[in-house]
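Peer 1: Whatever this is, show me its structure:
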Amino acid sequence: MNSRQKMEYWLKNDYFDSDTRDELNKIKDDDTEIEDRFYKDLEFGTGGLRGIIGAGTNRINKYTVRKASQGFSNYISEHVENYKKKGIVIAYDSRHKSDEFAEEAARVFAGNGIKAYVFDSLRPTPELSFAVRYLKAAGGIVITASHNPKEYNGYKVYGEDGGQLPPDLSDMVLERVNSITDITSINIISKEEAFNKGLYKVIGAEIDNKYMETLEKICINREIVLKNGEDFKIIYTPIHGSGNIPVRRILDRIGFKNVLVVNEQEYPDPDFSTVKYPNPEDEEAFELAIKMALSQKVDIIIGTDPDCDRVGVVVRNDMGEYLALSGNQIGCLLMDYIISQKKKLGQLPSNSFVVKTIVTSEMANAIAEYYGIKLLDVLTGFKFIGEKIRELDEKGDYNYLFGFEESYGYLAGTDVRDKDGVVASMLIAEMALYYNSMGVSVYNALKALYKKFGFYMEAIESFALEGKEGQEKIKIAMEKLRNEKPYVFGSFRVNAIRDYEKGIRYAENHKEKLELPKSNVLYYEMAENCWFCIRPSGTEPKIKIYFGAKESSEEKAGAKLNMLKSDVLDIIKNYLQV
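Peer 2: Next comes the predicted model:
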């Protein structure tokens, strides 16, 4: 069926409710909108299923949620032993329809004889990961679109280990989702029937308490926090999301008694009415917090996104100005703090390792080398960091210390297998207090890192290319870059190209096999002590270009980075036809 025929099917079938049909009737004369809503099914990407809320196969709605849940049920029944007994854990955030979609998913799992453990109210994504492991469940889902705009929602899938499914397994789920040709034939029962059959169980306080107990053990310098935490002032904003209760609770629990919350952003709000985007990567999301900090003379601001898996930090510099740190800067600060303090306290395990993604700061390599710690590079997506914990730490050969990605995701500890904004907020607060007790600000601690390891600077640019036409432009651009293999970008020469889709690293005179899984990513190692990487986003209609440069001073690094960006983007724009 073409897009219009698919829409007509939705309009004429009584399986779809009147609200859905009313919505579609409003666009029946708009061929472009019909095409965008029905030309494809939502696909599993880096973070699972994600899309604009609305009617259609290329939208997230209760019917596409049901279909995804049926496909996941089919996958679980084939691959997980005792799956009915183990059950599925379901969490959701503050977005529009999150609670409704969570219930729809639970009814489908129950319809397939799989017990659904559903949180009694919104919870952070990392707590879902923790709950899967704690309950020894067959898997889990969380209804969230992370930091996307308010029009979006999503469906993230987790395996038995509490981590997001790696590509080979998520492809299996996708195959089972796509094999469902009749969306009206999905196994679903009422919530009441599910309760009566013991297939719908509400969870909450027990998991919350165990999660807090686990996070508390990750605190490194507890004595310093207990001694000085009562007077150390922090501003926190959950940006209308699920972090409000757990972040404040863990900070209070370990000894921070002076945590100020941005009142306007304290409570759940699916419209995220105080920000353009609920994204701690965006400094504008901290405008209210910075205004509050100026009056309170606070040195550090912490903010989490709606599902509380990402964390942003704003610090005060030597001029009294507030500066938003990048994900790379936060990650490197945390990594150096965790390793140095564990070493100082005699708590650094032998065979320790840290993990970062390939587009994350190369400063992490320098820090790891300095401390003699093994560092592993993985593809973009925190699922790959979780996978390394399973491969190395669980076998007992290595001890996982810390993992992070440039997009504001961090994880310490192994009881969660996804980026965790709650534990990261705790460690950031602890780190800030530690440096404060030494008479040093976080800003000056960062300057000390640059002085010690060199000035690493990074940037990211992205092009939003919406709809079918935009996706085609991205596809064509990646194919041309892959086939033509340009070795010069303006004044910068390429030493080697890593093509992760083909699994090959190309240098001018030879090629070698790459060990990481296949992915639609091109990474360019430049001759001038810099690099860039290009990849389509797995969760948004965007293509992203990452840049990194190192120099002996901040000014030189900044100039080199800006020149690299300019020269590369001049060429990339032609490939993208933008």
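
Peer 1: Could you list the low-confidence segments of this structure?
Peer 2: Counting by pLDDT under 70, the chain shows low-confidence ranges at 44-47, 539.

Peer 1: can you list the domains in it?
Peer 2: The chain breaks down into these domains under automatic domain parsing: 1-39, 44-203, 211-453, 455-576.

Peer 1: Quick one: end-to-end length of the last one, please.
Peer 2: It stands for domain 455-576. Separation of the first and last residues of domain 455-576 by Cα to Cα, to the nearest Å is 31 Å.

Peer 1: cool, the first one as well?
Peer 2: With Cα to Cα as the measure, the ends of domain 1-39 fall 10 Å from one another.

Peer 1: residue boundaries of the strands in the stretch 451-578 of the chain?
Peer 2: Along the stretch 451-578 of the chain, the stretches classed as strands by DSSP state E, counting those that start in this stretch are 455-464, 488-489, 492-499, 504-507, 511-513, 522-526, 530-536, 542-551.

Peer 1: List the neighbouring strands of the third one plus their orientation.
Peer 2: For strand 492-499, the paired strands and their directions (DSSP bridges) read strand 488-489 (antiparallel), strand 504-507 (antiparallel), strand 522-526 (antiparallel).

Peer 1: how about that strand: buried residues?
Peer 2: 492, 494, 496, 497, 498, 499 (16 or more other Cβ atoms under 10 Å). C-beta: built from backbone N, CA, C; applies to glycine.

Peer 1: Identify the residues contacting that strand?
Peer 2: Contacts to strand 492-499, defined as Cβ atoms under 8 Å, 6 or more residues apart in numbering, come from residues 482, 485-488, 504-508, 514, 521-528, 530, 563-564, 567-568.

Peer 1: I figured residue 540 was touching residue 148, is that so?
Peer 2: Yes. Between residue 540 and residue 148 a contact is recorded at 6.8 Å, counting by Cβ atoms under 8 Å.

Peer 1: between those two, what contacts are shared?
Peer 2: Shared contacts of residue 540 and residue 148 (Cβ under 8 Å, 6+ apart): residue 50.

Peer 1: hang on, the earlier thing: minimum distance to residue 91: which of the strands of the stretch 451-578 of the chain has it?
Peer 2: Closest to residue 91 of these is strand 542-551 (Cβ to Cβ; 26.0 Å).

Peer 1: The closest one to strand 492-499, inter-axis angle?
Peer 2: Strand 542-551 runs at 130 degrees relative to strand 492-499, counting by axes from the mean of the first three to the mean of the last three Cα atoms, to 10 degrees.

Peer 1: quick one, strand 542-551 and strand 455-464 angle?
Peer 2: Angle of strand 542-551 versus strand 455-464, following the same axes, to 10 degrees, is 160 degrees.

Peer 1: Strand 542-551 pairs with which strands, parallel or anti?
Peer 2: Using DSSP bridges, strand 542-551 pairs in its sheet with strand 455-464 (antiparallel), strand 530-536 (antiparallel).

Peer 1: from those strands, which stretch is densest packed?
Peer 2: strand 530-536 (a mean of 23; mean count of other Cβ atoms under 10 Å).

Peer 1: Can I get it in PDB, CA atoms only?
Peer 2: Once non-C-alpha atoms are left out, strand 530-536 reads as follows in PDB (Å, rounded to 0.1, in the frame of the first residue of the first chain):
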ATOM      1  CA  CYS A 530      42.800  16.900  14.900                       C
ATOM      2  CA  TRP A 531      39.800  14.800  13.700                       C
ATOM      3  CA  PHE A 532      36.200  14.900  12.600                       C
ATOM      4  CA  CYS A 533      33.500  12.300  12.400                       C
ATOM      5  CA  ILE A 534      30.100  12.300  10.500                       C
ATOM      6  CA  ARG A 535      27.100  10.100  11.200                       C
ATOM      7  CA  PRO A 536      23.300  10.200  10.800                       C
END
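
Peer 1: Of the strands paired with strand 492-499, give the one that comes closest to residue 193.
Peer 2: Closest approach to residue 193 among these is made by strand 522-526 (50.7 Å; Cβ to Cβ).

Peer 1: List of residues touching the closest one?
Peer 2: Here strand 522-526 has contacts from 358, 478, 481-482, 489, 492-500, 531-535, 564, using Cβ under 8 Å, 6+ apart.

Peer 1: ok, now with 6 Å
Peer 2: 481, 492, 494, 495, 496, 497, 498, 499, 531, 532, 533, 534 (Cβ atoms under 6 Å, 6 or more residues apart in numbering).

Peer 1: do stretch 84-101 as well
Peer 2: So stretch 84-101 is contacted by 53, 65, 102, 105-106, 109, 113-119, 122-123, 128, 131-132, 137-144, 153, 241-242, 268, 270, 306-307 (Cβ under 6 Å, 6+ apart).

Peer 1: which parts of it are buried?
Peer 2: Residues of stretch 84-101 classed as buried by neighbour count (16+ other Cβ under 10 Å): 86-95, 97-99, 101.

Peer 1: Tell me who's in contact with residue 561.
Peer 2: Counting by Cβ under 6 Å, 6+ apart, residue 561 touches 457, 459, 549.

Peer 1: got it, and residue 519?
Peer 2: 379, 500.

Peer 1: let's see 7 Å
Peer 2: The contact partners of residue 519, by Cβ atoms under 7 Å, 6 or more residues apart in numbering, come to 379, 500, 501.

Peer 1: Residue 147 contacts residue 310, doesn't it?
Peer 2: Yes. Residue 147 lies in contact with residue 310 (Cβ atoms under 7 Å); the separation is 6.2 Å.
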